[in-house]
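Undergrad: I would like the atomic coordinates for the input below:
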Amino acid sequence: MRRSGSTGPAGDRHWRGSARLAVSCTLLFCAMSFLVDWDAGSLTPLRALLWVTLSAAVGAVLLPQRVSAGRGWLAVRTPWRRRVVRTDALAAVRQYDGVSSHLVLRDVYGHRLELDPRILAANPLLWHEVDTGVRRSLERGTLRHGADVLDRLGHQIDEETAEAVLRASGLS
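TA: Numbers count the residues shown, from 1 in each chain. Model prediction:
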């Protein structure tokens, strides 16, 4: 039985939809590959294995990262590995802009992870867990590089949330 004060880890609420889309695209790619090859009359068991292998590779590339956070930690899971950083012991945060903007977080234990900042913006519970951990890192003095990056990101998330609330209430 779970106590009323304790909650489970926060997760990306849009991950299931994104994963479903990735699987759908993978299955569509596989089916279209089979159909084109079959229509050309060149489908063999070896070519079928090739199409299944290529489809699996497409699925692995399209499958989004699964981000979760709890009290003092943030985890990013990909099909190949899981990376975890202690948000209450962050040492540095960097944001790289460009075609695919991403945050790089490092903790004092040497762990490192990368994630898309839009995931944090779209999931207030994830952002709350990260922000709480960052505040603890600042209090402890471990976060020496990147506090301004997270401050900017926090203001951006707050602005987007306020605009969404105003839009939903019909005031904007």
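Undergrad: contacting residues around the helix or strand that R152 is a member of?
TA: R152 is located in helix 147-169, with elements delineated by DSSP states H and E. Residues from elsewhere that reach helix 147-169, judged by C-beta atoms under 8 Å, 6 or more residues apart in numbering: 93-95, 103, 117, 120-121, 124, 127, 130-131, 134, 138, 172. C-beta coordinates here come from the backbone N, C-alpha and C atoms, glycine included.
Undergrad: which residues of this protein fall in strands?
TA: Per DSSP state E, the chain carries strands over the ranges 10-11, 66-70, 73-77, 82-86, 90-96, 102-107, 112-115.
Undergrad: Output those in TSV, with distance to E159 appended to each entry.
TA: Shown next, in TSV, are those (distance: least, C-beta to C-beta, whole Å):
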stretch	distance to E159
strand 10-11	21
strand 66-70	21
strand 73-77	22
strand 82-86	26
strand 90-96	17
strand 102-107	18
strand 112-115	20
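Undergrad: Point out the other helices and strands that the worst-scoring helix or strand of the chain on mean pLDDT packs with.
TA: Between all helices and strands in the chain, the lowest mean by mean pLDDT, DSSP states H and E belongs to strand 10-11, at a mean of 82. Secondary-structure packing of strand 10-11 (3 or more C-beta pairs under 8 Å, 6 or more residues apart in numbering; DSSP states H and E): strand 66-70, helix 124-140.
Undergrad: Buried deepest among those, which one?
TA: Most buried of the helices and strands packed on strand 10-11, by mean neighbour count (mean count of other C-beta atoms under 10 Å): strand 66-70, with a mean of 21.
Undergrad: could you give the angle of the longest helix seen in the chain to strand 73-77?
TA: The single longest helix within the chain, with elements called by DSSP state H, is helix 15-39. Angle of helix 15-39 versus strand 73-77, following axes from the mean of the first three to the mean of the last three C-alpha atoms, to 10 degrees, is 10 degrees.
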